[in-house]
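Enquirer: Make a model of this:
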Amino acid sequence: MSSATQSIVIRGAQIVNPDAVFLADVRIVNGIIEAVGENLQGDLVLDGTGCYISSGFVDLHTHLREPGKEEAETIESGSRAAALGGYTAVVAMPNTDPAQDNVATVLFVRERGIEAGLCEVVPSGCITVGRLGRELVPYDSLSRVGVTLFTDDGNGVQDAHVMQRALTAAARLGVTLAQHCEVSALTEGAVMHDGACCSSMGVPGWPSEAEEQMVRRDIALVRLTGAKMHFLHLSTAGSVQLVRDAKAEGLPVTAEVTPHHLSLLDEMLLGFDPIFKVNPPLRTAEDIAELKRGLADGTIDAVATDHAPHAGHTKEQPLDTAPPGMLGLETALGVVNTALTLTAQQIAQVMSWAPARIASLPQQGRPIAVGEPANISVWNTTDVWTVSRHDLASRSNNTPYHGMELRGRVRHTIYNGQVVVQEGKALK
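Expert: Purely as a prediction, here's the structure:
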């Protein structure tokens, strides 16, 4: 890792800002962009030929597993995977053990992220105590220590009255609730999308309505309370349309989609391989087409990985008992760039600028300009590479992309003015 006092120059890449894309060198000194121009000199020169320079990627949805499930991932190993994927910030989901429903656990997660020093680790808070959907967490206390995003991810808040009270508290504090949209009464025992493949396999199906019913309910609660709502990992065409209509109405809602819901079909489960089991489940080609359209037209604001590591022995269980979830941090750029045709600005918009705004991260998603913090990703859309689960930094290897060719890769990542990934290799 480079010294904080060392000047770093990125040479030969195109700068990607919201207002322009242009070729220029970037010099970084003491964690700040000190110059943008031609023929800049520095102590360390990074080759950006054929690449773009943007603000670092921000993941709204990362499972780091620590505390409690360190066998699958630690904050350090997850941070390393994030840095290799071009991320300079990740929002850590609260389904840890103990859950992030109290100040002590939130501060532990944040401190462990600082110790790792590979990206900004941003702890989310639970919506309800223990993510059980009954008693609200101490919103005032958690907000005072900097929590801006609250979610019971993994569980949808089933009780509308509890959700209304949570949204009222969020509106008062100016924080955002992020909902896992699943009506659990409709998904009990389900392992995959409720469609033709599910029927042919003879396994319980997960209907689209289980997601859409909760999206519909929570849009009504946003209308009632005026609170900000972020919809996690949308997966159905119907959900996209509901969010599109809510935005047209002017409601303060945002939404994300995962790389795997943009690229993988429910039919991949025909072989009963639990590597393709995820929550919400992989859907149909029609759903994927609408998710892509929603991302292109701004209905869906961000791509979020839902990086969900699981220890190998758990994913090797039968389909009905194996846990849902896939790795995502190191493959996100390649999957998005391979599955969609997006400009460099569009990629930066959905992977950096928008998620930084949704998570209220003032040091992230900033333009590449003099005086701005040096949280930077250098990446391309041309390198073709084959994913190997054996080469990933995560403690787990449950990637559905093993053996697949992707196009687009991160070359360098700079966090807080320090090089943490150089030429695709983690330096720490």
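Enquirer: Tell me the buried residues in the helix or strand hosting residue 287?
Expert: Residue 287 belongs to helix 285-297 when assigned by DSSP states H and E. Under the neighbour-count criterion of 16 or more other C-beta atoms under 10 Å, helix 285-297 has 287, 288, 290, 291, 292, 294, 295 buried. The way it works is simple: take the backbone N, C-alpha and C, and place the C-beta from them, glycine included.
Enquirer: Also stretch 298-312?
Expert: 299-311.
Enquirer: which ones among the residues you listed are found in strands?
Expert: 302, 303 (DSSP state E).
Enquirer: closest to residue 242 among the buried residues of stretch 298-312?
Expert: Distance to residue 242, by C-beta to C-beta, is smallest for residue 299 among those, at 9.6 Å.
Enquirer: Tell me the spacing between that closest one and residue 341.
Expert: Using C-beta to C-beta, to the nearest Å, we find residue 299 at a distance of 17 Å from residue 341.
Enquirer: residue boundaries of the strands in the stretch 1-150 of the chain?
Expert: Using DSSP state E, counting those that start in this stretch, the strands of the stretch 1-150 of the chain run over 8-11, 14-17, 20-23, 25-29, 32-37, 44-47, 52-55, 57-62, 87-92, 120-123, 149-151.
Enquirer: next one: the helix or strand just after the shortest one to chain centre, how far?
Expert: Reading on from strand 149-151 to the C-terminus, the next helix or strand found by DSSP H and E is helix 160-173. The gap between where helix 160-173 is centred and where its chain is centred comes out at 24 Å by C-alpha atoms, centre = their mean, to the nearest Å.
Enquirer: Now helix 160-173: buried residues?
Expert: Going by neighbour count (16+ other C-beta under 10 Å), the buried part of helix 160-173 is 162, 163, 164, 166, 167, 168, 169, 170, 171, 173.
Enquirer: next SSE after that helix?
Expert: strand 176-179.
Enquirer: Each with direction, which strands does that following strand pair with?
Expert: Paired neighbours of strand 176-179 in the sheet (DSSP bridges): strand 149-151 (parallel), strand 228-231 (parallel).
Enquirer: Save the ones you listed as a markdown table, and put in mean pLDDT and distance to residue 209 too.
Expert: A markdown table is the format used below for these (pLDDT from 0 to 100; distance: least, C-beta to C-beta, whole Å):
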| stretch | mean pLDDT | distance to residue 209 |
| --- | --- | --- |
| strand 149-151 | 98 | 22 |
| strand 228-231 | 98 | 15 |
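Enquirer: and the end-to-end length of stretch 11-23?
Expert: Using C-alpha to C-alpha, to the nearest Å, one end of stretch 11-23 lies 9 Å from the other.
Enquirer: returning to what we had before: out of the buried residues of helix 285-297, which comes closest to residue 57?
Expert: residue 295 (15.2 Å).
Enquirer: any idea how far the closest one lies from residue 261?
Expert: Distance, residue 295 to residue 261, using C-beta to C-beta: 10 Å.
Enquirer: Ok, residue 84 next?
Expert: 22 Å.
Enquirer: ok, back up a step: please identify the deepest-packed of the strands paired with strand 176-179.
Expert: Mean neighbour count (mean count of other C-beta atoms under 10 Å) peaks for strand 149-151 among the strands paired with strand 176-179, with a mean of 27.
Enquirer: Low-confidence stretches in this protein?
Expert: 1-4 (pLDDT under 70).
Enquirer: can you give me the helices in it?
Expert: 75-84, 103-116, 139-144, 160-173, 196-201, 208-225, 237-248, 259-263, 285-297, 312-315, 332-339, 344-348, 354-358 (DSSP state H).
Enquirer: which residues touch the closest residue to residue 357 other than its chain neighbours?
Expert: With C-beta to C-beta, 6 or more residues apart in numbering as the criterion, residue 357 has its nearest non-adjacent residue at 6.3 Å, and that residue is residue 365. By C-beta atoms under 8 Å, 6 or more residues apart in numbering, the contact set of residue 365 is 55, 58, 352, 353, 354, 355, 356, 357.
Enquirer: run the last query once more with 10 Å
Expert: By C-beta atoms under 10 Å, 6 or more residues apart in numbering, the residues touching residue 365 are 18, 54-58, 88-89, 348-349, 351-359, 375.
Enquirer: and stretch 34-45, how far out from the chain's middle?
Expert: Its chain's C-alpha centre and that of stretch 34-45 lie 31 Å apart, by C-alpha atoms, centre = their mean.
Enquirer: First-to-last residue distance for it?
Expert: Stretch 34-45 end-to-end distance (C-alpha to C-alpha) = 14 Å.
Enquirer: Can you pull out the residues in contact with that stretch?
Expert: Counting by C-beta under 10 Å, 6+ apart, 2-3, 5-12, 15, 17, 22-29, 53, 367-372, 374, 417, 419, 422 sit against stretch 34-45.
Enquirer: buried set for it?
Expert: Across stretch 34-45, burial judged by 16+ other C-beta under 10 Å covers 34, 35, 36, 40, 42, 45.
Enquirer: out of everything not next to it in sequence, what's closest to residue 238?
Expert: Residue 238 sits nearest to residue 212 (C-beta to C-beta, 6+ apart), 4.3 Å away.
Enquirer: how many other residues sit next to that neighbour?
Expert: 21 (other C-beta atoms under 10 Å).
Enquirer: State the number of residues packed around residue 5.
Expert: Residues lying near residue 5 (other C-beta under 10 Å) number 10.
Enquirer: residues in contact with it?
Expert: Contact analysis of residue 5 by C-beta under 10 Å, 6+ apart lists 29, 30, 31, 43, 417.
Enquirer: would a markdown table of the residues you listed with distance to residue 280 be doable?
Expert: Formatted as a markdown table, the contacts of residue 5 follow (distance: C-beta to C-beta, whole Å):
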| residue | distance to residue 280 |
| --- | --- |
| 29 | 45 |
| 30 | 44 |
| 31 | 39 |
| 43 | 48 |
| 417 | 38 |
